[in-house]
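K.L.:
From the sequence below, what's the structure:
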Amino acid sequence: MNAASRLKHVVIVGGGFAGLACARKLASSDDVHVTLLDKNNFHQFQPLLYQVATAQLGSNDIATSLRKSLRGHANVDVKMEEVIAANPKQVEQYRAGKKTIAGFFVGQVMKASKGQANPALLNELVARKLDS
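P.N.:
So this is what the prediction gives:
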């Protein structure tokens with residue numbers, strides 16, 4: 001059994017304030033491998049968007065690359081949440097009332113995390129993401 005197989009694998013869905021804080025906290029642990037899934041490759045501080053719109057701040061002042069935020073931690077992977085973006089027809093079906101399609105997204109995220117995620121938790125997180 002190698003060292004990588006003894007690591008617990010934590011999948012975090014969403015690179016907002018809570019997701020990024022959780023990933024940073026877990027990144028300091030040597031016995032955890034973290035995968036961060038987000039539809040964007042950046043974390044942005046939305047309360048300052050109006051200052052970007054009025055040219056008081058540049059976009060780099062309110063947005064940070066997730067990969068850059070977590071660099072230096074070999075136990076963290078940042079993956080784009082391409083599953084939802086790549087399947088707009090299924091998102092439309094879900095939002096039209098076909099809630100069972102969430103299972104498709106859970107399966108795709110499980111595939112992206114190489115089966116290491118908790119499917120029950122993913123069910124809840126994917127549904128929350130699709131409902132937003």
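K.L.:
any idea how this structure splits into domains?
P.N.:
If you go by automatic domain parsing, the domain ranges for the chain are 1-80, 82-132.
K.L.:
Need these in TSV (columns: mean neighbour count).
P.N.:
C-beta here means a position set from N, CA and C on the backbone, and glycine is covered the same way. Listed next are the domains of the chain as TSV, based on neighbours: other C-beta atoms under 10 Å:
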stretch	mean neighbour count
domain 1-80	15
domain 82-132	15
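K.L.:
Tell me where the protein has helices.
P.N.:
Using DSSP state H, the helices found in the chain span residues 3-6, 17-27, 49-53, 59-62, 66-69, 82-85, 88-95, 102-112, 119-131.
K.L.:
could I get those as CSV with mean pLDDT and distance to residue 37?
P.N.:
Below are those laid out as CSV (pLDDT from 0 to 100; distance: least, C-beta to C-beta, whole Å):
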stretch, mean pLDDT, distance to residue 37
helix 3-6, 57, 20
helix 17-27, 87, 9
helix 49-53, 80, 23
helix 59-62, 74, 22
helix 66-69, 68, 10
helix 82-85, 72, 8
helix 88-95, 92, 15
helix 102-112, 80, 7
helix 119-131, 74, 9
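K.L.:
Turn these into JSON lines, including distance to residue 43.
P.N.:
Shown next, in JSON lines, are the helices of the chain (distance: least, C-beta to C-beta, whole Å):
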{"stretch": "helix 3-6", "distance to residue 43": "27"}
{"stretch": "helix 17-27", "distance to residue 43": "5"}
{"stretch": "helix 49-53", "distance to residue 43": "13"}
{"stretch": "helix 59-62", "distance to residue 43": "10"}
{"stretch": "helix 66-69", "distance to residue 43": "6"}
{"stretch": "helix 82-85", "distance to residue 43": "17"}
{"stretch": "helix 88-95", "distance to residue 43": "22"}
{"stretch": "helix 102-112", "distance to residue 43": "19"}
{"stretch": "helix 119-131", "distance to residue 43": "16"}
